[in-house]
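Undergrad: Provided below for reference: sequence and predicted model.
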Amino acid sequence: MLREWEEEDIPALIEMYDDPEIGRWTPVPSPFDADAAREYLGRARKARGEGRCMQLAITADGGQPQGEVLLFQDDLDDRDIELAYGVGPRHRRRGLASEAVMVATEYAVHHLDARRVLLRIEADNAPSAAVARSAGFRPAADELVPRESKGWRVLLRTWCHRNGEPAS
């Protein structure tokens with residue numbers, strides 16, 4: 001189940017994001033403490049209120065957050081929806097990220113009328129590429145996308161779903 005983040009989720013958010021693997025692959029600050037978590041939730045609520053981004057907790061039953069999935073309009077083509085995700089260290093290798101990505105993809109296609117649903121993944125991020133494949137995404141022919149992350153320039157490969165069907 002996916003649900004909105006709540007103030008009571010701050011300890012779970014800290015546990016999830018104060019992790020070297022999350023820090024390695026995401027723009028989330030590291031270390032990630034209570035102040036960072038409150039600021040993160042504040043930005044998430046503001047972005048949601050402005051209709052720019054949905055940041056949802058991944059749960060098994062609507063309770064304890066085990067990860068997060070984000071949905072936002074692609075900055076290169078506003079007809080596309082980009083997803084991002086992360087799962088806390090204690091909850092990895094259970095298929096949570098793949099399931100959350102599949103649920104978010106369905107939502108993007110059927111409720112946000114996405115032309116394409118995208119993931120942007122660094123070439124060396126094998127775990128994220130495995131999630132993409134298991135969720136039915138395939139590498140797209142798009143050019144690499146440069147992004148700034150923690151003062152570094154990274155190049156991201158685009159993975160794609162087209163209206164619920166994998167890209168060829």
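TA: Nice, thanks for sending it over. Here the structure is a predicted model, which is why all the values come from computation and not from measurement.
Undergrad: What is the burial count for the closest residue in space to R79 that isn't next to it in sequence?
TA: What sits nearest to R79 in space, not counting adjacent residues and going by Cβ to Cβ, 6 or more residues apart in numbering, is R115, at 4.0 Å. Yep, even glycine has a C-beta here, placed from its N, CA and C like the rest. By other Cβ atoms under 10 Å, 15 other residues sit near R115.
Undergrad: A140 too?
TA: Neighbour number of A140 under other Cβ under 10 Å is 18.
Undergrad: what's the answer for D78, then?
TA: 9.
Undergrad: One more: the one 5 residues further on?
TA: Using other Cβ under 10 Å, the number of residues around L83 comes to 25.
Undergrad: can you give me the strands in the protein?
TA: 2-4, 53-59, 65-73, 80-87, 116-122, 138-139, 145-149, 152-162, 165-166 (DSSP state E).
Undergrad: quick one: V101 from D78, how far?
TA: 21 Å (Cβ to Cβ, to the nearest Å).
Undergrad: now do A100
TA: For A100, the distance to D78 - Cβ to Cβ - is 23 Å.
Undergrad: got it, and M1?
TA: 28 Å.
Undergrad: The strands of the chain: which one's closest to L41?
TA: strand 53-59 (8.6 Å; Cβ to Cβ).
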